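Participant: This is a predicted model, with the sequence first.
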Amino acid sequence: MNLRNLLNQCGHSAFIDNPLSFLQCTVKVLLKSTLESLMAIQPVILSGGSGTRLWPLSREQYPKQLLALDGDETMLQCTAKRMAGFDGEVTAPVVVCNEEYRFITAEQMRTCGLPSDRIVLEPFGRNTAPALTLAALMAEDADPILLVMPADHVIRDREAFQAAVTTGAAMAADGAMVTFGIVPERAETGYGYIRCGGDAAPGVREIAAFVEKPDAVTAQRYVDSGDYLWNSGIFMVRATVWLKAIAMLQPEMADSCRKAVAETSRDADFVRIDRVAFEACPSDSIDYAVMEHLAERRDLGIAGVVVPLSAGWSDLGAWDALWDVAEKDENGNVARGDVMFEGAEGNLVFASDRLVTCLGIKDVVVVETPDAVMVADKRCTQDVKKLVSRLKSGARSEASAHRKIYRPWGYYDSIDAGPRFQVKRIVVNPGASLSLQMHHHRAEHWIVVSGTAMVTRGEETLMLSENQSTYIPLGTVHRLENPGKLPLEMIEVQSGGYLGEDDIVRFEDTYGRG
């Protein structure tokens, strides 16, 4: 088939007599033909970060990628959908996440229409290089092109992103390691940079060097030169190419990950790796472990290249970054939740649980949650992690968990607590059940607010409906189930000498918890 026939089939016959349009369409057709001949793209979503700079919304057990910060969907869900409509074969994503928030991760993937049975659980955080190595080992036989994306980034222009992926896929299929460099919009001191070398292919540059976060003067010089891009942390590489590089450059890491994957086990949607083997794995990033060494290690035979990307990218690393990308009112204010401004300018306010009013303030960040309120100068939001460090050093629970705790069966919200008592609101999903369990130190009173509860209490089985209640004595084996088609909402009043969540002895559990 000649090129004119191809152009006619693609709907570009009107451009045939225009040389420039003819050339552009030729490139488009050739790229499309090349991409269709490539191997499948396997998205790998890295979801292990903690996002401490976005406290108090982001916490260790519920980090920023699980939050809806820039729209109705969470950042994880937006990342999972980033390749929707792509003109090529894309397999179901692999998600690498911390064991602590595995159930909410699985639930968010399910509710966004991309349920995954390949959620790889890291028992310990070991940074991005081991996470990618785990994913590559599990895909080694098929050897797909891995598209490695952090779960906590914003990309507004999906079409531009997918066009860059198309360019990167051709290079990755040929054995290169590809990263995506963000075309700078300003002299930014909060990002690392990539210094570009010569052209590796149309729309692709060689990587000359990775550069640490610069000061303001140096950042401006980088931007003015036109040879520097922001380091996005997004990569493309064939599985076997990555494994070759990691084995030669970081043999201890490669060995630990291989041993960890050799002893995997399945647990519903989750892939559990060997805890002991992975604990011995060194911690390092993809950049430091591999990418920075490619130019000097010619013996590897692996080229490092960068695809410039201009697609409305942000890593939402701090509250001021969210203010930058969010839609603002006529006074430059950004509001989420029940917020009222009067004589206020340039503020970012998140209200989770109650009305927040702002009078006469400027360039301030206010974040309200049920158990914590943060007020900060917008210029100081990079230092929020210092507050989190102080909370951790004081063993404050607010550093790691929200008042509302998600479980595989639903969630509970700790409404009130005092000496020898605690009150919780419990919501159990339709068809779900808690474990068969007992407590050594507390008794529980359950009151049904709405829905139907099936209660196992010792040898008894009770059916409770709205406004009915029961009592679980200390030491009694019990279980709570929702047999209905609507959520079950209950109030639980605990009483006893110790009310910690570790006072649970499980006898049976649908979700494999010990």
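Facilitator: Looks like it arrived, so ask away.

Participant: what's the longest strand in this structure?
Facilitator: Ordering each strand of the chain by length in residues (DSSP state E) puts strand 228-238 first.

Participant: tell me what that one is packed against?
Facilitator: strand 145-150, helix 158-173, strand 177-182, strand 193-201, helix 286-289, strand 304-309 (3 or more C-beta pairs under 8 Å, 6 or more residues apart in numbering; DSSP states H and E). The C-beta positions use only the backbone N, C-alpha and C, and glycine is treated the same way.

Participant: With distance to Val241, mean neighbour count and mean pLDDT as extra columns, can I get these in a markdown table?
Facilitator: Listed next are these as a markdown table, based on distance: least, C-beta to C-beta, whole Å; neighbours: other C-beta atoms under 10 Å; pLDDT from 0 to 100:
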| stretch | distance to Val241 | mean neighbour count | mean pLDDT |
| --- | --- | --- | --- |
| strand 145-150 | 9 | 24 | 98 |
| helix 158-173 | 8 | 21 | 97 |
| strand 177-182 | 7 | 26 | 97 |
| strand 193-201 | 15 | 18 | 95 |
| helix 286-289 | 13 | 20 | 94 |
| strand 304-309 | 11 | 24 | 97 |
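
Participant: so which of the ones you listed gets nearest Asp70?
Facilitator: Asp70 sits nearest to helix 158-173 of all the helices and strands packed on strand 228-238, at 13.6 Å, using C-beta to C-beta.

Participant: now the angle from that closest one to strand 228-238?
Facilitator: Interaxial angle, helix 158-173 versus strand 228-238 (axes from the mean of the first three to the mean of the last three C-alpha atoms, to 10 degrees): 60 degrees.

Participant: Show me how far helix 158-173 is from its chain's centre.
Facilitator: Relative to its chain's centre, helix 158-173 lies at 21 Å (C-alpha atoms, centre = their mean, to the nearest Å).

Participant: partner strands of the longest strand of the chain, parallel or antiparallel?
Facilitator: Paired with strand 228-238 in the same sheet, following DSSP bridges, are strand 145-150 (antiparallel), strand 177-182 (antiparallel), strand 193-201 (antiparallel).

Participant: mind checking the end-to-end distance for stretch 448-460?
Facilitator: Using C-alpha to C-alpha, to the nearest Å, the end-to-end distance of stretch 448-460 comes to 18 Å.

Participant: List the buried residues for that stretch?
Facilitator: Within stretch 448-460, the residues that qualify as buried are 448, 451-457, counting by 16 or more other C-beta atoms under 10 Å.

Participant: sorry, back to before: rebuild the strands paired with strand 228-238 as CSV, extending it with distance to Asp502.
Facilitator: Listed next are the strands paired with strand 228-238 as CSV, based on distance: least, C-beta to C-beta, whole Å:
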stretch, distance to Asp502
strand 145-150, 32
strand 177-182, 43
strand 193-201, 46
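
Participant: which residue sits closest to Thr111, ignoring its sequence neighbours?
Facilitator: Gln77 (7.6 Å; C-beta to C-beta, 6 or more residues apart in numbering).

Participant: So which of the strands paired with strand 228-238 is nearest Leu387?
Facilitator: strand 145-150 (23.3 Å).

Participant: Go through the strands paired with strand 228-238 and name the closest to Ile491.
Facilitator: Comparing the strands paired with strand 228-238 by C-beta to C-beta, strand 145-150 comes nearest, at 39.2 Å.

Participant: Can you list the strands that the following helix or strand past that closest one pairs with?
Facilitator: Beyond strand 145-150 on the C-terminal side, the first helix or strand identified by DSSP states H and E is strand 154-155. With DSSP bridges as the criterion, the sheet partners recorded for strand 154-155 are strand 313-314 (antiparallel).

Participant: give me every residue that touches the residue most central in space within the chain.
Facilitator: For the chain, Ala151 is the residue whose C-alpha lies nearest the centre (C-alpha atoms, centre = their mean; 2.9 Å). By C-beta atoms under 8 Å, 6 or more residues apart in numbering, the contact set of Ala151 is 45-47, 49, 65, 75-76, 79, 95, 97.

Participant: how about a cut-off of 6 Å?
Facilitator: Counting by C-beta atoms under 6 Å, 6 or more residues apart in numbering, Ala151 makes contact with 45, 47, 65, 76, 79.

Participant: ok, now which ones touch Arg156?
Facilitator: Arg156 neighbours (C-beta under 6 Å, 6+ apart): Gly312.

Participant: How confident is the prediction for it, by pLDDT?
Facilitator: Listed pLDDT for Arg156 reads 93.

Participant: Compute the number of surrounding residues for Ile491.
Facilitator: 15 (other C-beta atoms under 10 Å).

Participant: How is this structure partitioned into domains?
Facilitator: Using automatic domain parsing, the domain parsing of the chain gives 28-181+234-285, 328-393, 404-508.

Participant: Need those in JSON lines (columns: distance to Gly197).
Facilitator: Formatted as JSON lines, the domains of the chain follow (distance: least, C-beta to C-beta, whole Å):
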{"stretch": "domain 28-181+234-285", "distance to Gly197": "12"}
{"stretch": "domain 328-393", "distance to Gly197": "31"}
{"stretch": "domain 404-508", "distance to Gly197": "46"}
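
Participant: rank those by pLDDT, which is bottom?
Facilitator: Across the domains of the chain, the lowest-scoring stretch is domain 28-181+234-285, with a mean of 91.

Participant: Make a markdown table out of the helices and strands packed on strand 228-238 and add distance to Ala239.
Facilitator: Compiled in a markdown table, the helices and strands packed on strand 228-238 are given as follows (distance: least, C-beta to C-beta, whole Å):
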| stretch | distance to Ala239 |
| --- | --- |
| strand 145-150 | 6 |
| helix 158-173 | 10 |
| strand 177-182 | 12 |
| strand 193-201 | 21 |
| helix 286-289 | 14 |
| strand 304-309 | 17 |
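
Participant: Out of these, which gets nearest to Leu322?
Facilitator: strand 145-150 (15.7 Å).

Participant: nearest spatial neighbour of Cys281, skipping sequence neighbours?
Facilitator: In space, Cys281 is closest to Ser256, 3.6 Å off (C-beta to C-beta, 6+ apart).

Participant: before we move on, the earlier item: out of the helices and strands packed on strand 228-238, flag the one nearest Met490.
Facilitator: strand 145-150 (37.6 Å).

Participant: ok now the closest one, how far from the chain's centre?
Facilitator: Centre to centre, stretch against its chain (C-alpha atoms, centre = their mean), the figure for strand 145-150 is 13 Å.

Participant: Just say helix, strand or coil for Cys78.
Facilitator: helix (DSSP: H, G, I helix; E, B strand; the rest coil).

Participant: and it, how far is that from Ala164?
Facilitator: Cys78 sits 17 Å away from Ala164, going by C-beta to C-beta, to the nearest Å.
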